[in-house]
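Trainee: got a predicted model here, sequence first, then my questions.
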Amino acid sequence: MSSRSKALQYYIATRLMLAPLMLFTIVSVVFLLLRATPGDPADAILGNRAPEAAKQLLREQLGLDAPLWLQYITYLGRLLQLDLGSSLTSRGLPVWDVIQEHFPATVELAFFGMMVAVIIGVGVGMLSASRQGTIFDVGGRLFGIITYALPLFWMGMVVQLVFSVKLGWFPLGTRFPLDVAPPSNISGLYTLDSILTGNLLQLRTAIYYLVLPCGTLGLLLSGIFERIVRVNLRQTLQSDYVEAARARGIPENKILWNHALKNALIPVITVLGLTFAALLGGAVLTEVTFSWPGLGNRLYQAISLRDYPTVQGIMVFFGAIVVVLSLAIDIVSALIDPRIRY
């Protein structure tokens, strides 16, 4: 067995051992922060005018009157059994059911938003890097800075004002019109379910409602990919093997596509995976702004209502996704890039 194979196995084993520790840290921080923030779930559920005796009885039923350490131990015990508890504000609906209902909308939003971000970001980055010192280079830099700096919620409201209110081209929000039957629930992804059932009208409607939120989200994320592609592609175009290819008379377009771009996109793989993982757990602002019925929007509602089990369950679910995807990205990056040291 080569030294690289041994090093790779050690690296993978180390990352596998660290993953549960990262997830445990996320679980503990979420639990403690929820208890540290002001507010009482009993007030959120019963209202401020409810009798104190009724509030105290509810606290006892929910286990909120127990010492903090006991609540923590009880929560960890249930979590080890994959029991996320029941929502306090959804008529006792299990948190797993809440996740199952809302997560597909978040996945669809994140997937198409990421597609827009990669297409725009990589395209602008390539154009900027391949034309150094020109107006395309300056424009690419400005594009990366501006899109990275713009607040997502502000941009979302501007887009709604222009394209929904003023021009009337797209709906203000939501995922599907209320007066039209949604696609059959096969995967929960409206676009995929429309394709599986062969309903082109539903597919067109689903894409129509995706345009504004995905376009806004993807446009603002594209600045990340533009900057990474521009910097790495510029360095690659100045490398020795590219100069050797030029000396052999290979056309510049072939050098860009067949030689430089492949190596320049290696860092994009890592950023792509991490950004997608962050999107799954952090598209809250987009979902709230566009009234998108995803898990991020449901998390926002649960935080507003002090719904401890729902907040904890969704955050643990998001944390697990981020940890698993981060682990997978690290392993894939180590396998495809021999320059990574373990």
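Mentor: Cool, got the structure. Numbers count the residues shown, from 1 in each chain.
Trainee: tell me which helix or strand in this structure has the weakest average pLDDT.
Mentor: helix 41-46 (a mean of 66; mean pLDDT, DSSP states H and E).
Trainee: the residue nearest the centre of the chain sits in which helix or strand?
Mentor: Of all residues in the chain, the one closest to the mean position by Cα atoms, centre = their mean is L279, 1.1 Å from it. If you go by DSSP states H and E, L279 is part of helix 266-282.
Trainee: show the contacting residues for L18.
Mentor: Applying Cβ atoms under 8 Å, 6 or more residues apart in numbering to L18 gives no contacts. Any C-beta I mention is one placed from the backbone N, CA and C, and that applies to glycine too.
Trainee: tell me the buried residues in the helix or strand hosting it?
Mentor: Using DSSP H and E, L18 maps to helix 3-36. Neighbour-count burial for helix 3-36 flags 8, 11-12, 15, 19, 22-23, 26-27, 30-31, 34 (criterion: 16 or more other Cβ atoms under 10 Å).
Trainee: please apply the same query to stretch 72-85.
Mentor: Going by neighbour count (16+ other Cβ under 10 Å), the buried part of stretch 72-85 is 72, 75, 79, 84-85.
Trainee: off-centre distance for it?
Mentor: 25 Å (Cα atoms, centre = their mean, to the nearest Å).
Trainee: with stretch 165-177 instead?
Mentor: 23 Å.
Trainee: before we move on, what about stretch 66-79?
Mentor: Here stretch 66-79 is found 29 Å from its chain centre; the criterion is Cα atoms, centre = their mean.
Trainee: give me the residues contacting that stretch.
Mentor: 27-28, 31, 35, 63-64, 84-85, 312, 316.
Trainee: surely N199 and V180 touch.
Mentor: No. With contact defined as Cβ atoms under 8 Å, N199 does not reach V180; the gap is 10.9 Å.
Trainee: in the stretch 51-200 of the chain, where is pLDDT below threshold?
Mentor: For the stretch 51-200 of the chain, the stretches flagged by pLDDT under 70 are 61-63.
Trainee: try 80
Mentor: Flagging of the stretch 51-200 of the chain using pLDDT under 80 yields the residue ranges 51-68, 71, 85, 88-92, 129-133, 137, 148, 173, 180.
Trainee: now the helices for it?
Mentor: 52-62, 68-80, 95-130, 135-149, 152-159, 190-197, 200-237 (DSSP state H, counting those that start in this stretch).
Trainee: put together CSV for these, with distance to L272 on each row.
Mentor: Shown next, in CSV, are the helices of the stretch 51-200 of the chain (distance: least, Cβ to Cβ, whole Å):
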stretch, distance to L272
helix 52-62, 41
helix 68-80, 30
helix 95-130, 7
helix 135-149, 16
helix 152-159, 19
helix 190-197, 20
helix 200-237, 8
